[in-house]
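Peer 1: Got a sequence here, can you model it:
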Amino acid sequence: MSTAAELKQSDNLFIHPWDDFVKLGGHRRTLLDQGEGVYVYDSEGNRLLDAPAGMWCVNIGHGREEMARAVYDQIMALTYVSPWSMTTGPASEFAALLAAQSPGDLNHVFFTTGGSTAVDSALRFVHFYNNLRGKPGKNQIISQRRGYHGSTYLGGSVSGKERDKNNLETESHLVHHIDAPHPLLKPEAMSDAEFLDQCVANLETRIAEVGADNCAVFVAEPILASGGVIVPPEGYHRRCLEVCRNNDMLYLSDEVVTAFGRLGHCFASEDVFGIVPDIITTAKGLTSGYIPMGAFLVSDRLVAEIKANGGDSAVFSNGFTYSGHPVAAAAGIKNLEIMQREKLFEQVRETGPYLQQQMQSLRDIPIVRDVRGEGLMACVECELEPGDNDLAQDYEIGKLIDKHCQQLGLIVRPLVNMCVMSPPLTITPAQIDDMVAMLRQGILLALQEIESAETEAVDTRRKHSSPAA
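Peer 2: Alright, predicted model coming up:
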């Protein structure tokens, strides 16, 4: 068996997501080899509180034996069949369970391999829908800057994080972006109501520029997760849905992160934000990350229109070898069963406000620019100098906070200068206290290291500029 040191070295043969090829061969990533509840353990035996829940996904926590048993039982019963010509009990049952949990009439489910393929497939479905309506030119997609919708070609194109597109080709003819409804973009003199009007007007203006007859869909995360946990102003999604209805556009709610309890409900679109979209995409918490899986749910109304316009045939030529994989579906069924039996959605509705309250206590740290979030999603944004847009410095802040937090026993997910929290839904108030305390100390140690480095640099400059030098 390979040693930890050997595994860290051979890991350089594994090209990780967002890997820096210039540094390939020199990585020494932390090696995790065990997990239990809200904690993971590295190869040296250190216990780390998993504040990002992997990547927004390990909602029921690590090491669930009954999940392992459900997966094992399905593997032994039936590993795989082609979804093109056959079906399985788990896929059929899971589709019915999701339809029962979904808002409104979103009762049809298309299974994919993850969030990226869910978004990509949903967008292809939108084009399929309009083509069958005899509107092939109605194919333009509007989404938000700072939004993230995946790494497939179309999902990556729709995403609005510009640096994620460096040195990559994207689809520029179909995709248009508007500003995210970020509270930090609101001028001090502007009221909340005026800011909401401005955010909605951004969508209306872009539709007018592209042409309503050309616009097919608006894609929005209920809360922009990877963009920095951006919570929109109250009423934003309802107003945007109205704009879409007035322009014969579909509304796609990307709930890859916000579904399955992250905001205290199975789906957040209706229960938290008061909308019933035409399409919902989901993944991550769908199986709590135990087995890769994604899905999009679509309105009965759209399905009925396609049937009416399809004539003798309306084939949606899109799918994956692993669509509706029985092992993944079995994991999804067990995941939802655990969430409902343990009342995890209700628990989040209690612990979520407590997390937000405790996170706000970090505002007294000098470099903390903003603290925001909802449910079990939170972000602390740090900045050395107010209004300073020094990207290299922002990356350095995030890197130092990450380093110190991990040494203290906390995993954070640094997004440039932002620390993102999205712990397992099972986290307790006492564990929240530990998490926030470690984050506070990590930020303070990072600030101390930065200040020490600046003092040392000043002393060095003085020494070399003195007459004696």
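Peer 1: Looks to me like Glu36 is in a helix.
Peer 2: No: assigned with DSSP: H, G, I helix; E, B strand; the rest coil, Glu36 falls outside any helix and is strand.
Peer 1: number of nearby residues for it?
Peer 2: 12 (other C-beta atoms under 10 Å). C-beta here means a position set from N, CA and C on the backbone, and glycine is covered the same way.
Peer 1: Isn't it up against Arg64?
Peer 2: No: if you go by C-beta atoms under 8 Å, Glu36 and Arg64 don't touch, sitting 9.5 Å apart.
Peer 1: neighbours around Ala100, how many?
Peer 2: When neighbours are counted by other C-beta under 10 Å, Ala100 registers 10.
Peer 1: Any figure for the gap between it and Leu106?
Peer 2: As defined by C-beta to C-beta, to the nearest Å, Ala100 lies at a distance of 11 Å from Leu106.
Peer 1: residues contacting the residue lying closest to Leu415 once chain neighbours are set aside?
Peer 2: Spatial nearest neighbour of Leu415, chain neighbours left out: Gly228 (6.1 Å); criterion: C-beta to C-beta, 6 or more residues apart in numbering. Contact partners of Gly228, counting by C-beta atoms under 8 Å, 6 or more residues apart in numbering, are 146, 182, 372, 379, 381, 415, 418, 420.
Peer 1: residue contacts, the third one?
Peer 2: Contacts for Arg372 were tallied using C-beta under 8 Å, 6+ apart; they are 183, 228-231, 378-379, 381.
Peer 1: try 7 Å this time
Peer 2: Residues near Arg372 by C-beta atoms under 7 Å, 6 or more residues apart in numbering: 183, 229, 231, 379.
Peer 1: So which of those residues belong to helices?
Peer 2: With helices defined by DSSP state H, no entry of the contacts of Arg372 lies inside them.
Peer 1: For ChimeraX, write the selection for the buried entries among the residues you listed.
Peer 2: A single ChimeraX command selects the buried members of those (16 or more other C-beta atoms under 10 Å):
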select :229,231,379
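Peer 1: Hmm, which of the contacts of Arg372 is lowest in pLDDT?
Peer 2: Taking pLDDT as the measure, these have their low point at Pro183 (92).
Peer 1: What count of nearby residues applies to the nearest residue to Tyr39 once chain neighbours are set aside?
Peer 2: Leaving aside its chain neighbours, Tyr39 sits nearest to Arg47 (5.3 Å; criterion: C-beta to C-beta, 6+ apart). For Arg47, the number of neighbouring residues by other C-beta under 10 Å comes to 11.
Peer 1: my guess is Arg47 meets Tyr41, correct?
Peer 2: Yes: between Arg47 and Tyr41 a contact is recorded at 5.6 Å, counting by C-beta atoms under 7 Å.
Peer 1: hey, what's in contact with both of those two?
Peer 2: Here Arg47 and Tyr41 have no joint contacts, going by C-beta under 7 Å, 6+ apart.
Peer 1: And the next helix or strand past the helix or strand harbouring Ser157?
Peer 2: Using DSSP states H and E, the secondary-structure element containing Ser157 is helix 153-158. Per DSSP H and E, the first helix or strand lying C-terminal to helix 153-158 is strand 175-178.
Peer 1: State the mean pLDDT of that following strand.
Peer 2: 97.
Peer 1: And the helix or strand following that strand, what's buried?
Peer 2: Going down the chain from strand 175-178, the next helix or strand is helix 192-210, by DSSP H and E. Using 16+ other C-beta under 10 Å as the test for burial, helix 192-210 gives 195-196, 198-200, 202-204, 206-207.
Peer 1: ok, now stretch 176-194?
Peer 2: Buried residues in stretch 176-194, counted by 16+ other C-beta under 10 Å: 176-178, 180-182, 186.
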